[in-house]
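Asks: sequence isn't available, so here's the structure alone:
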């Protein structure tokens, strides 16, 4: 794992990789992410041939299946534009695991070049676009859950935090054991449902205990898991993707 | 099992890989202190694990020991008569009043006594490490290793000049790779355990108490004869 | 599939045992806190991890030569070296030494390799009594259980449970659940055993090839007792524990206890280079070193999996693992639990037996982030997930492909078809968004503790097109 330290200047165009979870379940988060970038004067390209990064199969041991889906993605992001991903987990897959996935194959150098262009959304907003946000929303207490991939694989928990801290009416609350996994883990949640259930309940309780009015996360896997549990238990703590949250609080048309 | 040997080594040789890039080893900055700083650091670390540390001029250490033995009501004190402390200790107490037990045969001759009736033992210390508050013992034929292990109390006598900053510095400067003793020991406090509910308890198998007497030969301890804590 | 049923059964009972849940939660919280505070300087920690990884990688890259050098130095020093390919051979070597000394009792210091050998069980079958002397191991042996943590074997037990166990096994000792009193009782009981034992056994933390020195890390002094008092000392170790030089030891000793328990150093660091010399008064007359392979030389063959052998057994990966914190060590059913056990045990004993362990992780990365020798544990878990279902029979891990199930394989094959054909994917999402009302509200295990996710009216593909985000 090599955390990026050198960032390029603002590009003219970027690619947006929406992720399959956002595509079907949280499209507003993807849209908000694209709008946040577009507002900075950067053209956003959304290739219609993108599907999924391949992580579900890769993490289940089905490497050939993952590789063939990964190739499909690499083919639709061919120009030298940065690829922005509104998920630490999928960005981690594209950036950290594609090179390993294609090692020893003819596509290895293409995979290396591809992964060097991948950015997680909050990383891109803070480090490349250096956005300045103006909060137009009412005072609100927010609990942030940083996904494990965002925190450990991509090293962007600071970027998540920095963006929320730019919003003057947002009070950021820290849950107990903030670094601990929420128990999603893709197929883990089904294969080891009982362990996953124990983990998500404790995570949801820690978030509830902060007294926050909204839960924000940069990964929809965690959101689906945690808010799914909160809804199931009829607890009143709505959650949304950090892109949705940032866009809604800073876009004049919404206020 | 010579088959086992050749099979294992055969597999390892055949699977051998060049794993190590020929880069310079990562440098780890080593801590260092001045003379007084080393004593202070050593004491701080030792005391944090409930060991006692006393600093005394050379002329005073036997008196200090006598006082400590009396205070702690140590019934008898095992020592090595032909060891580095032997002569000073033999002369310390008046005949009849002495709690000292001298044992110089093999362990088998005094094992029973060592385990069940000795109240404490005293040893010298070859070196020490300031960073971690560690005594370094290289037991010798004269001063066997059980002395620092079995009795409930261990008095260790250390010369201030023998305190190194770090373990790495000690291994390098004293060139340990040239020859190791039968048993080299690093001792950092009395025996302890946290195996029950992560709760610290002292004296589970080895000494319950460790008392370090540092002999300061520089003269700066002269004005305050005994600087106990 | 029996192993899978057993694993899920053990997990279920651990999760429903409030005592286990709270004992592990508290202990792991404490250990994480202590580790964090023992490394106040992030730069120093990084350098130390880099250096320690270099030392272990260097040792592994020269493993056969270093083992031969270790053997030569040990022999010159008078330590008798034995080689064992299997645990059966290692057990037989130990029994043979016991028999040659007509010894009916073995007193043991903490050794995970002896657990791996199931040495106690083997020796008991041959009429030799084994007594664990590490306090935690002593407690689990009294309870007839295996250790649940590699550094703190009795971490799953409360003080009260231990007090009841003591009063049941030693009726002459008055009941007390005071930790100091319990510790003192153990001291009295075990002292007599150290005094009487004809043979002592220990593990090895590091074996230094340069000087033929066996290093042991411990706090209690029982390791010193086992290696000092009985006339014979047997050390058992895996072949991977060797390091090249004495100067490799200080960095490893600096990082191991801090990673394990947050201590800057353990009470004792015991470096043994020979048996008692003719003019010496104590120490064992004989020292034996048993070098155990048991699959390690096979793990050694794989360029990626070889990293498993860097492990210095600190336990930090389990202390930081959110799965381990909830199910505890016994649920794994393996000698070594937690993340490192989940990569090591399937490689040693095979995926038929431990095929579920690599899947029992969210791949959250906490283990890899704290590993003092930078083993990429999440990547190796992922690799073993591949090994458990791969079909080409070219890998070295035993039981390769044994966990492949046709039903699951078909799901992934359809998944590939759907996601490698963009037009089909778009068609699929259009159908899903259009018929989202038909998605059931109950989705197996997921909805037992969660509400079902809701499919949006329009996919991001559709929204992006409608809002004018070009696709080229």
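Replies: It's in. Every value quoted in this text rests on a predicted model; they were computed, and no experiment measured them.

Asks: ranges for the strands of chain B?
Replies: Using DSSP state E, the strands of chain B run over B:52-57, B:77-79, B:100-102, B:120-124, B:127-129, B:134-137, B:153-159, B:163-164, B:183-187, B:192-193, B:201-202, B:209-216.

Asks: looking at those strands, which is nearest to residue C:270?
Replies: Nearest to residue C:270 among those is strand B:183-187 (6.0 Å), distances taken as Cβ to Cβ. No exception for glycine: its C-beta is placed from N, CA and C like everyone else's.

Asks: the closest one near chain C at all?
Replies: Yes. Strand B:183-187 reaches chain C (Cβ under 8 Å from any Cβ of the partner chain) through B:183-187.

Asks: okay, those in CSV with pLDDT and neighbour count next?
Replies: Putting the residues of strand B:183-187 next to chain C into CSV (pLDDT from 0 to 100; neighbours: other Cβ atoms under 10 Å in any protein chain shown) gives the following:
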residue, pLDDT, neighbour count
B:183, 98, 26
B:184, 98, 22
B:185, 98, 24
B:186, 98, 24
B:187, 98, 32
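
Asks: picking that back up, got the strands of chain B as a markdown table, with distance to residue C:82 columns?
Replies: Putting the strands of chain B into a markdown table (distance: least, Cβ to Cβ, whole Å) gives the following:
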| stretch | distance to residue C:82 |
| --- | --- |
| strand B:52-57 | 43 |
| strand B:77-79 | 36 |
| strand B:100-102 | 39 |
| strand B:120-124 | 33 |
| strand B:127-129 | 34 |
| strand B:134-137 | 29 |
| strand B:153-159 | 34 |
| strand B:163-164 | 36 |
| strand B:183-187 | 21 |
| strand B:192-193 | 31 |
| strand B:201-202 | 36 |
| strand B:209-216 | 36 |
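
Asks: for the closest residue in space to residue A:235 that isn't next to it in sequence, what are its contacts?
Replies: Sequence neighbours aside, residue A:208 is the residue nearest to residue A:235 in space, at 6.0 Å (criterion: Cβ to Cβ, 6 or more residues apart in numbering or on different chains). With contact taken as Cβ atoms under 8 Å, 6 or more residues apart in numbering or on different chains, residue A:208 is in contact with A:230, A:235, A:237.

Asks: for the second one, give me the pLDDT.
Replies: Looking back up the chat, that one is residue A:235. pLDDT for residue A:235: 95.

Asks: how many neighbours does it have?
Replies: 14 (other Cβ atoms under 10 Å in any protein chain shown).

Asks: quick one: it from chain B, how far?
Replies: 33 Å (Cβ to the nearest Cβ, to the nearest Å).

Asks: again, but for the last one
Replies: Taking Cβ to the nearest Cβ as the measure, residue A:237 and chain B are separated by 33 Å.

Asks: so how far is chain C from that residue?
Replies: Between residue A:237 and chain C the distance is 13 Å, computed by Cβ to the nearest Cβ.

Asks: which strand or helix spans the nearest residue to residue A:107 once chain neighbours are set aside?
Replies: Nearest residue to residue A:107, sequence neighbours excluded (Cβ to Cβ, 6+ apart): residue A:71, at 6.8 Å. Per DSSP states H and E: residue A:71 is located in helix A:63-75.

Asks: give me the mean pLDDT for that helix.
Replies: Helix A:63-75 carries an average pLDDT of 97.

Asks: what's it packed up against?
Replies: On a contact count with 3 or more Cβ pairs under 8 Å, 6 or more residues apart in numbering or on different chains; DSSP states H and E, helix A:63-75 meets helix A:55-58, helix A:98-101, helix A:108-115, helix C:406-419.

Asks: just those helices: most buried one?
Replies: Neighbour counts (mean count of other Cβ atoms under 10 Å in any protein chain shown) averaged over each of the helices and strands packed on helix A:63-75 peak at helix A:55-58, with a mean of 24.

Asks: just the pLDDT for residue C:161.
Replies: Here the pLDDT value assigned to residue C:161 is 94.

Asks: which non-adjacent residue is nearest it?
Replies: Per Cβ to Cβ, 6+ apart, closest to residue C:161 is residue C:19, 7.7 Å.

Asks: and the one you found, how far from chain B?
Replies: 12 Å.

Asks: now residue A:98
Replies: 23 Å.

Asks: residue C:2 now?
Replies: Look at residue C:2 and chain B: by Cβ to the nearest Cβ, they are 31 Å apart.

Asks: cool, residue C:88 as well?
Replies: 11 Å.

Asks: now do residue C:351
Replies: With Cβ to the nearest Cβ as the criterion, residue C:351 and chain B are 20 Å apart.

Asks: verify the stated contact: that residue with residue C:403.
Replies: Yes. Contact criterion Cβ atoms under 8 Å: residue C:351 and residue C:403 qualify, at 6.1 Å.

Asks: can you check which residues contact both of these two?
Replies: Listed as contacting both residue C:351 and residue C:403 by Cβ under 8 Å, 6+ apart are residue C:388.

Asks: check contacts around the residue lying closest to residue B:8 once chain neighbours are set aside.
Replies: Take residue B:8 and drop its neighbours on the chain: the residue closest to it by Cβ to Cβ, 6+ apart is residue C:293, 4.8 Å away. With contacts defined as Cβ under 8 Å, 6+ apart, the neighbours of residue C:293 are B:4, B:8, C:83-86, C:238-239.

Asks: farthest-separated two in those residues?
Replies: It's B:4 and C:238 that sit farthest apart of the contacts of residue C:293, by Cβ to Cβ, at 13.8 Å.

Asks: these two: which is more packed in?
Replies: Per other Cβ under 10 Å, whichever of residue B:4 and residue C:238 has more neighbours is residue C:238, with 22 against 19.

Asks: can you give me the strands in the stretch 301-450 of chain C?
Replies: Applying DSSP state E, counting those that start in this stretch to the stretch 301-450 of chain C gives no strands.

Asks: for it, which residues are neighbours of chain B?
Replies: Contact residues, the stretch 301-450 of chain C versus chain B (Cβ under 8 Å from any Cβ): C:301, C:303, C:306.

Asks: possible to save those as JSON lines with neighbour count, distance to residue C:438 and pLDDT?
Replies: Below are these laid out as JSON lines (neighbours: other Cβ atoms under 10 Å in any protein chain shown; distance: Cβ to Cβ, whole Å; pLDDT from 0 to 100):
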{"residue": "C:301", "neighbour count": "16", "distance to residue C:438": "51", "pLDDT": "94"}
{"residue": "C:303", "neighbour count": "10", "distance to residue C:438": "48", "pLDDT": "92"}
{"residue": "C:306", "neighbour count": "21", "distance to residue C:438": "50", "pLDDT": "96"}
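
Asks: give me the distance between the residue positioned nearest the centre of chain C and chain B.
Replies: Taking Cα atoms, centre = their mean, the centroid of chain C lies closest to residue C:336, which sits 3.5 Å from it. Look at residue C:336 and chain B: by Cβ to the nearest Cβ, they are 18 Å apart.

Asks: residues contacting that residue?
Replies: Going by Cβ under 8 Å, 6+ apart, residue C:336 touches C:112, C:116, C:150, C:313, C:344-345.

Asks: just residue A:80 next, same as before
Replies: Per Cβ under 8 Å, 6+ apart, neighbours of residue A:80: residue A:117.

Asks: got the confidence number for it?
Replies: For residue A:80, the model assigns a pLDDT of 96.

Asks: and if you look at residue B:22?
Replies: pLDDT, residue B:22: 58.

Asks: next: the one 3 residues further on.
Replies: Each residue has a pLDDT score; the one for residue B:25 is 90.

Asks: who's the closest spatial neighbour of it, skipping the chain neighbours?
Replies: Closest to residue B:25 by Cβ to Cβ, 6+ apart is residue C:54, at 5.7 Å.

Asks: measure that neighbour to chain A for me?
Replies: Separation of residue C:54 from chain A (Cβ to the nearest Cβ): 17 Å.

Asks: and the helix or strand hosting that residue, what does it pack against?
Replies: Element membership of residue C:54 [criterion: DSSP H and E] is helix C:42-61. With contacts taken as 3+ Cβ pairs under 8 Å, 6+ apart, helix C:42-61 sits against strand C:242-243, helix C:249-261.
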